[in-house]
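J.: okay, here's the prediction I keep looking at, along with the sequence it came from:
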Amino acid sequence: MSVRMPPRDEAVLARRDEIVAALRRIVPGEGVISTTREMRPYESDGLTAYRQLPLVVVLPSTTDQVSQVLRWCYENGVKVVPRGAGTSLSGGALPLGDGVLLGMGKFNKVRSIDFADRVAVVEPGVTNLAVTKAVEHAGFYYAPDPSSQIACTIGGNIAENSGGVHSLKYGLTTNNVLGCELVLITGEVVRLGGPHLDAGGYDLLGVVTGSEGLLGVVTEVTVRILQKPETARAMLVGFASTEAAGECVGRIIAAGIIPGGMEMMDRLATEAVEQFVHAGYPLDVEAILIVELDGPRAECDHLIETVSAIAADCGAQTVRVSTSEEERLLFWAGRKAAFGAVGRISPDYYCMDGTIPRAKLPYVLQRTRELSAKYALRCANVFHAGDGNLHPLILYDANDPDELARAEAFGADILRLCVEVGGVLTGEHGVGVEKRDLMPTMFSEIDLNQQQRLKCAFDQKGLLNPGKVFPVLNSCAELGRMHVSAGKLPFPDIPRF
Ligand SMILES: Cc1cc2nc3c(=O)[nH]c(=O)nc-3n(C[C@H](O)[C@H](O)[C@H](O)COP(=O)(O)OP(=O)(O)OC[C@H]3O[C@@H](n4cnc5c(N)ncnc54)[C@H](O)[C@@H]3O)c2cc1C
């Protein structure tokens with residue numbers, strides 16, 4: 001594994017048998033997995049470039065078991081990495097050799113649905129799509145829809161503050177979660193928010209959403225469900241250049257229109273996807289936009305006319321509007337399968353995730369092309385254009401160490417570029433291990449220390465998912481008393497994992 005992780009705790013490794021036995025007493029039967037062969041499926045998440053077998057895998061099925069496991073680990077100084085479905089693209093669920101991997105897959109029930117209050121209470125291992133499936137018979141749905149929604153879990157979505165093609169209009173996970181039950185590393189169970197629209201006190205739910213498994217383990221989630229819009233139609237618009245497509249995105253938003261979704265794919269991505277889903281995407285253009293308009297029928301018709309006019313003004317070469325629900329879903333099917341489809345044209349891909357101000361789209365796409373030439377690696381662009389959330393897919397061969405190194409350097413340059421133009425390092429995939437060492441390009445040491453003080457308020461011993469998010473993890477005692485003068489940390493080069 002080439003990524004730097006906290007040093008292994010040899011004392012913990014030496015106590016492995018005792019640790020496994022203690023955890024078996026808390027989660028009996030098949031709830032503890034300790035053989036190398038059976039732990040193999042857990043060695044990596046969606047960031048497959050890095051892998052590591054955990055010390056042991058524990059699969060609890062009740063909040064009480066989670067609480068007991070965490071308390072035991074806290075008292076015995078053992079690290080814990082929570083895991084949902086393992087689709088994280090930033091290495092958030094990458095195990096630690098001296099840590100427990102806490103799989104939440106058995107928390108897979110929808111506990112209650114309340115259409116009057118428009119909420120559903122679900123366990124964290126329920127998949128994103130399963131929430132919509134549970135409420136769609138009554139005309140409702142759960143809005144954030146990551147492309148991985150068939151597999152990824154609500155617990156993972158909270159930890160990563162995930163988004164999807166509909167987040168432009170309906171918000172990210174943080175805008176669609178109302179409450180959760182959280183088990184702290186000490187084993188204490190706290191409730192944040194609830195089935196009401198506002199909660200008193202500090203917005204700790206907001207803090208936990210996007211905290212990447214570093215603050216606690218989510219064991220129950222209350223989500224907001226929405227009524228399906230009366231009409232939804234998708235437009236497929238082709239352009240002679242990615243710059244023209246980027247320009248069109250900005251013009252649509254500037255006209256006061258917030259589409260239900262607005263996604264872009266460049267030629268390389270479109271070619272891969274079309275071979276895969278046969279959605280009828282135009283192959284003679286450099287970029288396509290998928291723009292979805294939703295709402296009452298009359299409003300939808302009006303918006304389609306307006307967007308068509310803007311697209312024509314931006315030089316659109318082709319415009320198709322879906323005429324049936326099947327066709328709308330087909331337009332989206334390609335976009336949603338894009339990452340997988342890229343597997344047809346490259347043995348491996350490295351999916352980046354940065355966000356930029358929309359107006360910078362044409363410039364950033366141009367610079368990405370230049371970087372692609374510099375690193376001699378192809379790059380397919382598939383992204384949430386409306387949100388300015390880029391997902392360049394860097395194509396490489398993991399069997400060639402030089403290609404992996406070039407892919408990593410190329411990806412880091414893209415993220416630096418996002419920050420340089422006023423954007424951020426991540427849009428929805430989280431920091432994990434992938435962007436951890438780039439955090440100082442965005443945050444000062446004072447910023448990072450303040451964020452870590454928050455981590456300390458939840459996890460004094462730094463046992464929950466260490467090695468993720470923070471490039472250097474200071475001890476909480478040190479953060480409490482350290483004197484920072486003129487923004488300069490004493491001994492800044494000393495790793496404090
Ligand atoms: C093909 C593909 C497409 C994708 N498309 C999108 C997309 O469109 N939008 C998007 O936002 N993401 C996307 N992702 C990334 C990924 O699916 C999301 O980050 C997702 O939320 C991860 O969920 P998971 O259940 O797989 O979590 P995991 O990968 O298992 O874990 C992710 C993080 O959550 C933490 N965690 C998991 N469960 C809990 C819990 N119960 N309590 C506390 N912490 C927990 C873990 O420690 C880890 O830090 C995509 C991934 C793939 C492979």
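T.: Here it is on my side, so go on.
J.: what residues does the stretch 101-250 of the chain put near the ligand?
T.: 104, 124, 146-148, 152-153, 155-157, 159-160, 162-164, 212-213, 217-218 (CB under 6 Å from any ligand atom). C-beta coordinates here come from the backbone N, C-alpha and C atoms, glycine included.
J.: is it true that residue 350 lies in a strand?
T.: Yes - with DSSP: H, G, I helix; E, B strand; the rest coil as the criterion, residue 350 is part of a strand.
J.: surely it meets residue 49?
T.: Yes - with contacts counted by CB atoms under 8 Å, residue 350 reaches residue 49, the gap being 6.9 Å.
J.: which residues do the two both contact?
T.: residue 408 (CB atoms under 8 Å, 6 or more residues apart in numbering).
J.: give me the more crowded residue out of those two.
T.: residue 350 (25 against 18; other CB atoms under 10 Å).
J.: beta partners of the more buried one?
T.: residue 394 (DSSP bridges).
J.: which residues touch it?
T.: The contact partners of residue 350, by CB under 8 Å, 6+ apart, come to 49, 393, 394, 396, 407, 408, 410, 411.
J.: mind checking the end-to-end distance for stretch 182-199?
T.: 16 Å (CA to CA, to the nearest Å).
J.: stretch 179-190 now?
T.: 11 Å.
J.: over to stretch 103-119?
T.: 25 Å.
J.: do the same with stretch 200-207
T.: With CA to CA, one end of stretch 200-207 sits 14 Å from the other.
J.: same question, stretch 86-100
T.: 15 Å.
J.: how about stretch 86-106?
T.: Stretch 86-106 has an end-to-end distance of 14 Å (criterion: CA to CA).
J.: any idea of the mean pLDDT for that stretch?
T.: Stretch 86-106 comes out with an average pLDDT of 97.
J.: pLDDT weak spots in this structure?
T.: 1-2, 480-497 (pLDDT under 70).
J.: what sits up against the longest helix seen in the chain?
T.: Ranked by number of residues, the top helix in the chain under DSSP state H is helix 401-420. Helix 401-420 has contacts (CB under 8 Å, 6+ apart) with 2, 49, 350, 352, 354-356, 364, 367-368, 371-372, 374-377, 379, 390, 392, 394, 396-398, 424-425, 434-435, 438, 441-442.
J.: now swap in stretch 18-33 and tell me
T.: 12, 34, 39, 42, 55-61, 65, 68-69, 72, 76, 78, 100, 106.
J.: which positions in that stretch come out as buried?
T.: 19, 20, 22, 23, 26, 27, 31, 32, 33 (16 or more other CB atoms under 10 Å).
J.: what of stretch 344-357?
T.: 345, 346, 348, 349, 350, 351, 352, 353, 354, 355, 356.
J.: near the ligand, anything from it?
T.: No - with CB under 6 Å from any ligand atom as the criterion, the ligand is not reached by stretch 344-357; the gap is at least 7.4 Å.
J.: ends of that stretch, how far apart?
T.: Using CA to CA, the two ends of stretch 344-357 sit 31 Å apart.
J.: and the residue in the stretch 251-400 of the chain that the ligand sits nearest to, which of the three is it?
T.: Going by CB to the nearest ligand atom, the ligand is nearest to residue 339 of the stretch 251-400 of the chain, at 3.9 Å. Here residue 339 takes the helix state, with states given by three-state DSSP.
J.: what does residue 299 give?
T.: helix.
J.: ok, back up a step: and the residues of the stretch 101-250 of the chain next to the ligand, which of them are buried?
T.: Using 16+ other CB under 10 Å, the buried members of those are 104, 124, 146-148, 152-153, 155-157, 159-160, 162-164, 212-213, 217-218.
J.: in strands, which of these appear?
T.: 217, 218 (DSSP state E).
J.: now distance to residue 331 and secondary structure too, for the buried residues of stretch 18-33, in a markdown table please.
T.: Below are those laid out as a markdown table (distance: CB to CB, whole Å; DSSP: H, G, I helix; E, B strand; the rest coil):
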| residue | distance to residue 331 | secondary structure |
| --- | --- | --- |
| 19 | 51 | helix |
| 20 | 50 | helix |
| 22 | 53 | helix |
| 23 | 48 | helix |
| 26 | 48 | helix |
| 27 | 45 | coil |
| 31 | 43 | helix |
| 32 | 45 | strand |
| 33 | 41 | strand |
